[in-house]
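> got a sequence here, can you model it:
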Amino acid sequence: MSNKKIAFIGTGNMSYAIIGGMIKSGFAPQSIIATNRNEEKLAKVSADFNVKTTTDNIAALQEADVIVLSVKPQMMAQLCDTFQNANIDLSTKLFVSVAAGITVTRLQDMLGQPVKMVRCMPNTPSLLGLGVSGLFAKGISAEEHTFIERVFSSTGIATWVDTEEQINDIIAVTGSSPAYFFLFMEAIEEKARSLGFDAEQARALVQQTALGAAKMAAAQPEISISQLRANVTSKGGTTHAAVEHLKDHNLQATVADAMDACISRAQQMEQEL
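Here you go, the predicted structure:
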């Protein structure tokens, strides 16, 4: 599919990140089309990556072989309605949705045709090329599978799930989880400031420690995260005191419950949209 064209319908931050990753990994700029109602955003993506841009979603739909639906979930029905009313045969096109809460069946109903479909759940570190994208496919070929994996691997790692229900699990594990880490960092930063560190110092100390911990985990994949934690936790020491306090206050259970709440909300959205 190296000569296929891919259109991004809606060029917000996530589409910008994916396009940037594609260009860096060797995709030809002429194979990419970006659409948006905001011409300033289109001018930026055009200037940065030299890809084709347009405000005409129907023109992009007609020209592209792969269409990435990258609009807010609340806008998806209206967008798909315009596609359906365009009376275009969509049977040869592959659609990719990055919208949470809208199932493949619902998207096919919106488009009025049983189109080939991939649901993708990327996360915000994709903006730095450090993202995770969960993928679920229905009705695609092996060649299309490889193409989509290459697209989303350009922003980090891509992982396929076997059932669509697992997309909601991906949301809890990777899609929403950067916020969990930010909340923990925020709590440490607030305490550091209360201990007398100024705002700049507290921020620098917290983000460098978080970065170092993540890089240690990435550099030693053969060591479990549990063991990495144990390696810096001497029994009876200061770290042990802090970790035991967190355990006594059910940190693990709280995190698990929060992730269940995330999954539950994703399931609710599927009923609402």
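> how about the strands in this protein?
Secondary structure of the chain (DSSP state E): strands at 6-9, 32-35, 52-54, 66-69, 94-97, 116-121, 131-138, 156-160.
> wait, which of these is closest to Cys262?
strand 116-121 (11.6 Å; CB to CB). Any C-beta I mention is one placed from the backbone N, CA and C, and that applies to glycine too.
> each with direction, which strands does that closest one pair with?
strand 94-97 (parallel), strand 131-138 (antiparallel) (DSSP bridges).
> hmm, who's touching it?
93-98, 100, 103-104, 107-108, 133-140, 144, 148, 152, 164, 167, 170-171, 174-175 (CB atoms under 8 Å, 6 or more residues apart in numbering).
> mind checking which of these are buried?
93-98, 100, 103-104, 107-108, 133-138, 140, 144, 148, 152, 164, 167, 170-171, 174-175 (16 or more other CB atoms under 10 Å).
> want to throw the strands of the chain into JSON lines with mean pLDDT and distance to Arg203?
As requested, the strands of the chain are exported to JSON lines (pLDDT from 0 to 100; distance: least, CB to CB, whole Å):
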{"stretch": "strand 6-9", "mean pLDDT": "98", "distance to Arg203": "34"}
{"stretch": "strand 32-35", "mean pLDDT": "97", "distance to Arg203": "34"}
{"stretch": "strand 52-54", "mean pLDDT": "96", "distance to Arg203": "36"}
{"stretch": "strand 66-69", "mean pLDDT": "98", "distance to Arg203": "35"}
{"stretch": "strand 94-97", "mean pLDDT": "97", "distance to Arg203": "36"}
{"stretch": "strand 116-121", "mean pLDDT": "96", "distance to Arg203": "29"}
{"stretch": "strand 131-138", "mean pLDDT": "96", "distance to Arg203": "23"}
{"stretch": "strand 156-160", "mean pLDDT": "97", "distance to Arg203": "24"}
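> tell me which of those sits nearest to Glu200.
strand 131-138 (27.9 Å).
> can you put the strands paired with strand 116-121 in JSON lines and add distance to Gln207?
Output for the strands paired with strand 116-121, formatted as JSON lines (distance: least, CB to CB, whole Å):
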{"stretch": "strand 94-97", "distance to Gln207": "33"}
{"stretch": "strand 131-138", "distance to Gln207": "18"}
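> turn the strands of the chain into TSV, including distance to Glu222.
What follows is the strands of the chain, written out as TSV (distance: least, CB to CB, whole Å):
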stretch	distance to Glu222
strand 6-9	37
strand 32-35	38
strand 52-54	45
strand 66-69	36
strand 94-97	34
strand 116-121	28
strand 131-138	20
strand 156-160	18
